[in-house]
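> next one to model:
(one chain, ligands or ions: 1)
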Amino acid sequence: MGSKSSGKSGGKQSSPAAAGEKKRKRFGKSVPAPLPLEGRVAFITGGSRGQGRSHAVALASEGADIIICDIAADIDTVPYPLGTKAELRETAVLVEATGRSCVAMVADVRDTEALATVVSAGLDKFGHIDICVANAGITGFSKFQDLDDQTWQDMIDVDLTGVFKTIRAVLPHMLEQRYGRIVAVSSMAGRMGNPNLAHYVAAKWGVIGLVKTLAMETANKGITVNAVCPAAVDTPMLHNPAMYSLFCPELAEPTRDDVAPRYASMNRMGVPWLAPEEISRAVSFLCADAARGTTGQVIEVSLGSSAGQH
Ligand SMILES: NC(=O)c1ccc[n+]([C@@H]2O[C@H](COP(=O)([O-])OP(=O)(O)OC[C@H]3O[C@@H](n4cnc5c(N)ncnc54)[C@H](O)[C@@H]3O)[C@@H](O)[C@H]2O)c1
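Next up, the predicted model:
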């Protein structure tokens, strides 16, 4: 049985926020409530655009200072352009508009030294790093038998080894301070098979194995490690001519409108794609102090696409 409202007279119940505000005002001055991530510092990879940018702005809006990096260059085996330096700067401007500080640097997540340089610049500026969002990623499409060595290798190097290297770059610091919130961005492709994406699927399943293992190793050290698995998200990874042609091979130059119904048919809600901000909600939840009881978990933001599976 559900519990009923405890309001004796059946009058309006004040919300917890309103009650808190009343309390704060009781002693004269009204003091704004602290933001949930006030005093925290978050390191986010792939921050030039898309979900990385959205996570940076979302965590900054909740009070965190931000460190972002991005390759800001293309990779030959990736069939669409990657983020740019100008976009990286633009994300920093958006973060700063929330009132927080931002360290933004070019770094490839395949490069251990480059990641160490970003982490040490972040530590110099802020003194600590509390949150790590291993978000940078690439995709590409090929039938299994047509996957060449380089395409396979680049995918594993960025989407799996890059996540490992990103987390490894901040882990000693988090272990020392006995606090950390680590979120790796996997994908619904890491929860099931997916034709034309064997290399991507393998990398994204690998990320989940990595997350679960590290979660066990750090469970009693104040560090949580979780994965977020989005379905299709409205970013340049999804919206590019190569992806459009894969979904509408019969059209010479398919458009956003042409592909929308095809994407929509892949999930239970019939929605073509999620906004990056919808993934940021899951990331924010996992990054909060209050999420200390959640580790080794996979949070799907999947439009119900796996509801009939697990
Ligand atoms: N868009 C989707 O439909 C979707 C769905 C599920 C999961 N994902 C995952 O979400 C994450 C973010 O992707 P997105 O949708 O924002 O795509 P995106 O292409 O818009 O952004 C990815 C960012 O990562 C950067 N990046 C790529 N390789 C890098 C490297 N080696 N080092 C540093 N930065 C690098 C890119 O330059 C780009 O700015 C990825 O891990 C992706 O696999 C995306």
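
> which ones are touching residue 142?
151, 196, 198, 199 (CB atoms under 8 Å, 6 or more residues apart in numbering). From N, CA and C alone the C-beta is placed, and that goes for glycine too.

> which residues does it form beta bridges with?
When bridges are called by DSSP bridges, residue 142 pairs up with residue 197.

> which of the contacts of residue 142 count as buried?
151, 198, 199 (16 or more other CB atoms under 10 Å).

> which secondary structure element is home to the last one?
By that I understand residue 199. Secondary structure from DSSP states H and E places residue 199 in helix 198-218.

> any part of that helix near the ligand?
No - for helix 198-218 and the ligand, the contact criterion (CB under 6 Å from any ligand atom) is not met; the two come no nearer than 6.9 Å.

> give me the buried positions along that helix.
Within helix 198-218, judged by 16+ other CB under 10 Å, the buried ones are 198-208, 210-212, 214-215, 218.

> up against the ligand, what does the chain have?
45-46, 48-52, 70-71, 82-83, 108-110, 135-139, 158, 162, 185, 187, 230, 232-233, 235-238.

> thinking again about what came up before, report the next helix or strand after the helix holding residue 199 in sequence order.
Defined by DSSP H and E, the subsequent element after helix 198-218 is strand 223-230.

> just checking: what are the partner strands of that next one?
Here, using DSSP bridges, strand 223-230 pairs with strand 180-185 (parallel), strand 298-301 (parallel).

> gap between the helix or strand just after it and the chain center?
Per DSSP H and E, the first helix or strand lying C-terminal to strand 223-230 is helix 241-247. Chain-centre distance of helix 241-247: 24 Å, with CA atoms, centre = their mean, to the nearest Å.

> for this protein, which segments count as helices?
In the chain, the helices defined using DSSP state H lie at 16-26, 50-61, 85-97, 112-126, 149-155, 162-177, 198-218, 241-247, 256-264, 276-287.

> out of these, which one sits most buried?
helix 50-61 (a mean of 26; mean count of other CB atoms under 10 Å).

> which strands and helices lie in contact with it?
Under the contact definition 3 or more CB pairs under 8 Å, 6 or more residues apart in numbering; DSSP states H and E, helix 50-61 sits against strand 41-45, strand 65-70, helix 85-97, strand 131-134, helix 276-287.

> closest one of the buried ones among the contacts of residue 142 to the ligand?
Among these, residue 199 lies closest to the ligand (CB to the nearest ligand atom), at 11.7 Å.

> would you agree the closest one is in contact with residue 148?
No - the criterion here is CB atoms under 8 Å, and residue 199 misses it with residue 148 at 10.1 Å.

> and the contacts of residue 142, which is the shakiest by pLDDT?
Minimum pLDDT across the contacts of residue 142 is recorded for residue 196, with 95.

> picking that back up, how far out from the middle of the chain is the helix holding residue 199?
15 Å.

> tell me what that helix is packed against?
helix 149-155, helix 162-177, strand 180-185, strand 223-230.

> so residue 277 makes contact with residue 54?
Yes - the pair residue 277 / residue 54 is scored as a contact, 5.3 Å apart, by CB under 8 Å.

> what residues does residue 171 make contact with?
Residue 171 neighbours (CB under 8 Å, 6+ apart): 180, 214, 218, 223.

> pLDDT wise, what is the second one at?
Per-residue confidence for residue 214 comes out at a pLDDT of 98.

> residues near residue 188, how many?
Residues near residue 188, counting by other CB atoms under 10 Å, number 21.
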